[in-house]
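Undergrad: quick one, what's the 3D model for this:
(one chain, ligands or ions: 2)
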Amino acid sequence: MDLSIVVPIYNEEENIPVLHSRISEALADTRLAYELILVDDGSADNSYSSLKVLAGKDSRVKVVKLRRNFGQTAAMAAGFDLASGRVVIPMDGDLQNDPLDIPLLLNKIDEGYDVVSGWRKDRKDTFINRKLPSMIANGFISKMTGVHLHDYGCTLKAYRREVLEDVNLYGEMHRFVPALAHQVGARVTEMPVRHHERLHGVSKYGISRTMKVILDLMTVTFLLSYSTKPIQLFGRWGIYTLCAGFLSGALTLYMKFFEHTSMNRNPLLILTAFLIFMGVQFIVMGLLAELVARTYYEAQGKPIYNIKEKVNFG
Ligand code: UDP
Ligand code: MG
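TA: Ligands and ions are numbered 1, 2, ... in the order given. Here you go, the predicted model:
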C-alpha cells in the first residue's frame, strides 16, 4: 500500500460523495495503491449511512465509526492507527483541502522528507476569528517548538507512517504532530497547498479553539523540552525563588537591626515567607514530576531516544 488518506468526518453528509469523487479523480492517473480511511466521529446526521454506501461501491474506502464524538484529533488518531500505507495523508472532510495536492505532497516526501506540512497560503476563512488567531498561534508555536512552519493548523499534511508510530496524540494535538515528529528525529518541511471555502455544512469550531490551542502549546513545549528531566525546569525556578526569598529575608533583618523597621510591620516579611514557600513547592513538584516521568517512560517501555537504523545487530 502506497498511501492512506485519513479523513475525520463529523456531520458532513453532503460533502461525503463529492469528497470521494474528487479524491478518486485526483489519484486516478497516479496508479498509486491507496486506501481512503473515513472516520465517522459520532456524527448526528446521515454521514455514516452515506459512508457505508461508498464503502459498498469502492473497496478502497474503509469506514470506521467511533462510539461518540471524540473530537478531530481522536478521530484522526483512530485513522492513523488503522492506516497501512507507506505514507499517511490526513485531510478535512469538508473539501477545504484539495485532493489535487496529494500527489504533490507525495513527491515532496519522496525527496526524502518524513513530514510535509500543508501551508494554506491563500486561506479562505474569515480574518478576525480565524486567520488572525492562527497567525499569532503559528508564530508562537514556531518559536516555542523550534520548528518553523507558517501553518500548523492545516489538516492536509503528509507523514511517513513510521513517524506517526512514535507520536501519541491527546487533546487538540493533531496540529502539533510536525513538532512532535521533529523531536523523534523526523525531517520536516512545508509546502503551499490550495484552500477553498467550505463546500456544505458549517465549521465545527469557533474562537474558543484558540484557548485550547494555547493550553496544548504549553503541554507540547514542556513535553518537548523537559519531559525526561522535569526537575531541571521546576528545580531551577525553585532555586531562583528560594534565593529571592532568602534575599528578601536578609533585607527584612537588615531593616530591623539597622533601620529599626519592625519585622511584623514590614511587608517584605510576607514576601519572604511566600517566596520560600513557593521555592520549596517548585522543588517538590519537580521531584514528583521526575517520578511521574519515570513511570511514564518505564511503564510503556518507552526509550528516551529514537533509533533510525541499526547495522550488523542481527
Ligand atoms: N471534525 C471531527 N470531529 C469534531 C470536529 C471536526 O471529525 O469534533 C472534522 C470535520 O468533520 C472536518 C474536520 O474535522 O472534516 C475539520 O473541521 P472543520 O472544517 O469544522 O474545521 P475548520 O476548517 O473550520 O477549522
Ligand atoms: Mg473546514
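Undergrad: and the residue in the stretch 51-200 of the chain positioned nearest to ligand 1, what does it touch?
TA: Ranked by C-beta to the nearest ligand atom, the top residue of the stretch 51-200 of the chain for proximity to ligand 1 is G93, at 3.2 Å. Where C-beta positions appear, they are placed from N, C-alpha and C, glycine not excepted. Going by C-beta atoms under 8 Å, 6 or more residues apart in numbering, G93 touches 7-10, 12, 15-16, 19, 38.
Undergrad: run through the residues you listed and flag the ones next to ligand 2.
TA: Taking C-beta under 5 Å from the ion as the test, ligand 2 is in contact with none of those.
Undergrad: checking the residue of the stretch 51-200 of the chain closest to ligand 1 next. Helix, strand or coil?
TA: Three-state call for G93 (DSSP: H, G, I helix; E, B strand; the rest coil): coil.
Undergrad: distance check, it against K204.
TA: From G93 over to K204 the distance is 10 Å, taken as C-beta to C-beta, to the nearest Å.
Undergrad: after the helix or strand of the chain with the lowest mean pLDDT, which helix or strand is next?
TA: One helix or strand of the chain scores below all others by mean pLDDT, DSSP states H and E: helix 209-226, with a mean of 89. Going down the chain from helix 209-226, the next helix or strand is helix 230-259, by DSSP states H and E.
Undergrad: off-centre distance for that next one?
TA: The chain centre lies 38 Å from the centre of helix 230-259; the measure is C-alpha atoms, centre = their mean, to the nearest Å.
Undergrad: which of the residues in that helix are classified as buried?
TA: 230-231, 233-235, 237-238, 241-242, 244-245, 248-249, 251-252, 255-256 (16 or more other C-beta atoms under 10 Å).
Undergrad: do the same with stretch 43-50
TA: Here stretch 43-50 shows 43, 47-48, 50 as buried, counting by 16+ other C-beta under 10 Å.
Undergrad: now stretch 156-169
TA: So stretch 156-169, judged by 16+ other C-beta under 10 Å, has buried residues 156-161, 163-164, 167, 169.
Undergrad: and what of stretch 299-313?
TA: Buried residues in stretch 299-313 (16+ other C-beta under 10 Å): none.
Undergrad: centre of the chain versus that stretch, how much separation?
TA: Its chain's C-alpha centre and that of stretch 299-313 lie 23 Å apart, by C-alpha atoms, centre = their mean.
Undergrad: again, but for stretch 91-105
TA: Distance, centroid of stretch 91-105 to centroid of chain: 19 Å (C-alpha atoms, centre = their mean).
Undergrad: renumber starting at 567 from here on
TA: Understood, numbering begins at 567; the last thing we discussed is stretch 657-671.
Undergrad: does ligand 2 sit close to that stretch?
TA: Yes. Stretch 657-671 comes into contact with ligand 2 (C-beta under 5 Å from the ion), by way of 658, 660, 662.
Undergrad: would you list every one of the helices in the stretch 617-766 of the chain?
TA: 638-648, 668-676, 698-711, 727-731, 743-749 (DSSP state H, counting those that start in this stretch).
Undergrad: all good on my end, thank you.
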